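Engineer: one predicted model, sequence on top.
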Amino acid sequence: MARADLKGQGGAVDRWLATNVAYRSGYGFDYANVTQAVRCLPRNRSSADSQKKEKALMKLADTRTIDAPRAEVWQGLLDAETLKNAVPGCQEMEGSAEDGFTAVVVQKVGPVRATFRGTVMLSDLDAPNSLTLRGEGKGGAAGFAKGDAHVTLSDGEDGQTLLTYEVEAKVGGKLAQLGSRIIDGFAKKMADQFFERFQAAVEGEGAAGADVEANDAGAETPAEGDAPRKGWIGRVLGS
C-alpha cells in the first residue's frame with residue numbers, strides 16, 4: 001500500500017503515520033500490519049505518561065532514642081490522643097487501636113493545600129516489640145496520600161527505648177505531579193515531625209505545644225522538684 005493510500009484510515013493510524021520515520025521517508029506498508037502495530041502502542045501518549053506519575057514512592061528510615069521505658073512507648077503508639085498530637089496538621093482523630101482511627105489532616109505540599117480525610121490502622125502487632133502504622137487519606141482534587149510505617153522498639157541504655165522506623169509513602173493525583181524533590185522533602189519532613197512530636201508526647205514535653213494553652217489556662221505549676229507525669233500516662237491518670 002502506498003503512503004498516500006494509508007492516510008485517512010483512522011485516527012490512531014494517522015497519528016502513528018505522522019510520527020513514524022519510515023513512513024515519512026516514503027516507504028509503503030501493508031495497512032493490516034500498520035494497524036496491528038498501532039494496537040500495541042498507547043492510544044494517548046500523554047495519558048500513559050500521566051499514569052506513570054499517578055503514584056510516587058518514597059522510602060525513609062531512622063532511629064530515635066526515647067527517654068521512657070519500652071512499655072510506655074508501646075502504649076503511646078496505641079493511644080489516639082498521642083497519635084493525634086504527633087501527626088502534623090491533624091485536626092481530628094477518633095477510634096481505637098483495635099478498630100483503627102479516622103482522621104482529618106490539613107497539609108500544604110508545595111503550592112497544593114488540602115484537607116485529607118482518611119484512616120489510620122494498626123497491624124502486625126507484636127507487643128511490646130513492633131507494629132505497622134498504615135495511614136491513607138484523600139484530599140479531593142489534590143489527590144491522595146498513603147503510607148506504611150513499620151516501627152520496632154528495643155531496650156536502650158538507662159531505661160531508654162530505641163524506636164526504629166521504616167516508612168514507605170505514596171501520593172497520587174496532582175500531588176504526584178509536583179516532582180520528586182518536593183514530594184521527598186515533604187515526606188521526610190512529615191516523618192521527622194511525627195516521630196519528634198511522638199517522642200515529646202511520651203516523654204511528657206507536650207507534643208509540639210498541644211497542651212501548652214490548657215496548662216496556661218488553669219493548670220497548677222508543679223512545685224520545685226516535682227517531676228511531671230509522662231504525656232499519655234498523665235492523661236490516663238488524670239494528673
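Structural biologist: Structure received. Numbering: from 1, shown residues only.
Engineer: run me through the strand neighbours of the longest strand along the chain, direction for each.
Structural biologist: If you go by DSSP state E, the chain has its longest strand at strand 112-126. Strand 112-126 pairs in its sheet with strand 100-109 (antiparallel), strand 130-138 (antiparallel), by DSSP bridges.
Engineer: report the buried residues of the first one.
Structural biologist: In other words, strand 100-109. Neighbour-count burial for strand 100-109 flags Phe101, Ala103, Val104, Val105, Gln107, Val109 (criterion: 16 or more other Cβ atoms under 10 Å). Every residue, glycine included, has its C-beta placed from N, CA and C.
Engineer: could you do the last one as well?
Structural biologist: Going by neighbour count (16+ other Cβ under 10 Å), the buried part of strand 130-138 is Ser130, Leu131, Leu133, Arg134, Gly135, Glu136, Gly137, Lys138.
Engineer: list the contacts of Ala71.
Structural biologist: Residues in contact with Ala71 (Cβ atoms under 8 Å, 6 or more residues apart in numbering) are Pro128.
Engineer: in a helix, Asp184, correct?
Structural biologist: Yes. Counting by DSSP: H, G, I helix; E, B strand; the rest coil, Asp184 is part of a helix.
Engineer: identify the residue spatially nearest to it, adjacent ones excluded.
Structural biologist: Met58 (5.4 Å; Cβ to Cβ, 6 or more residues apart in numbering).
Engineer: what helix or strand is that neighbour on?
Structural biologist: Per DSSP states H and E: Met58 is located in strand 56-66.
Engineer: got it, and Val171?
Structural biologist: strand 161-172.
Engineer: from the buried residues of strand 130-138, which single one is nearest Glu81?
Structural biologist: Nearest to Glu81 among the buried residues of strand 130-138: Leu133, at 15.4 Å, using Cβ to Cβ.
Engineer: pretty sure the closest one is touching Thr119, no?
Structural biologist: No. Applying Cβ atoms under 8 Å, one finds Leu133 not in contact with Thr119, separated by 11.0 Å.
Engineer: and Thr63, what does it touch?
Structural biologist: Listed by Cβ under 8 Å, 6+ apart, the contact set of Thr63 reads Leu162, Leu163, Thr164, Tyr165.
Engineer: any idea how far the second one lies from Pro111?
Structural biologist: In other words, Leu163. Taking Cβ to Cβ, to the nearest Å as the measure, Leu163 falls 33 Å from Pro111.
Engineer: the last one now?
Structural biologist: Counting by Cβ to Cβ, the separation of Tyr165 from Pro111 is 29 Å.
Engineer: Arg117 now?
Structural biologist: 21 Å.
Engineer: the two: which is more packed in?
Structural biologist: Arg117 (15 against 8; other Cβ atoms under 10 Å).
Engineer: quickly list what the closest residue to the more buried one other than its chain neighbours is bridged to.
Structural biologist: Leaving out its chain neighbours, the residue that sits closest to Arg117 by Cβ to Cβ, 6+ apart is Val104, at 5.4 Å. Val104 has these beta-bridge partners by DSSP bridges: Glu92, Arg117.
Engineer: I'd say Val104 and Gly89 touch.
Structural biologist: No. Using Cβ under 8 Å, Val104 is not in contact with Gly89, being 9.2 Å away.
Engineer: which stretch of helix or strand covers Phe195?
Structural biologist: Per DSSP H and E: helix 180-203 holds Phe195.
Engineer: can you check Ala68 too?
Structural biologist: Here Ala68 sits in a region with no helix or strand, counting by DSSP H and E.
Engineer: that one: neighbouring residues, count only.
Structural biologist: Going by other Cβ under 10 Å, the residues that sit close to Ala68 add up to 22.
Engineer: any idea how far the closest residue to it other than its chain neighbours lies from Gln160?
Structural biologist: Distances taken as Cβ to Cβ, 6+ apart put Val202 closest to Ala68, at 5.0 Å, once the chain neighbours are dropped. For Val202, the distance to Gln160 equals 11 Å [Cβ to Cβ].
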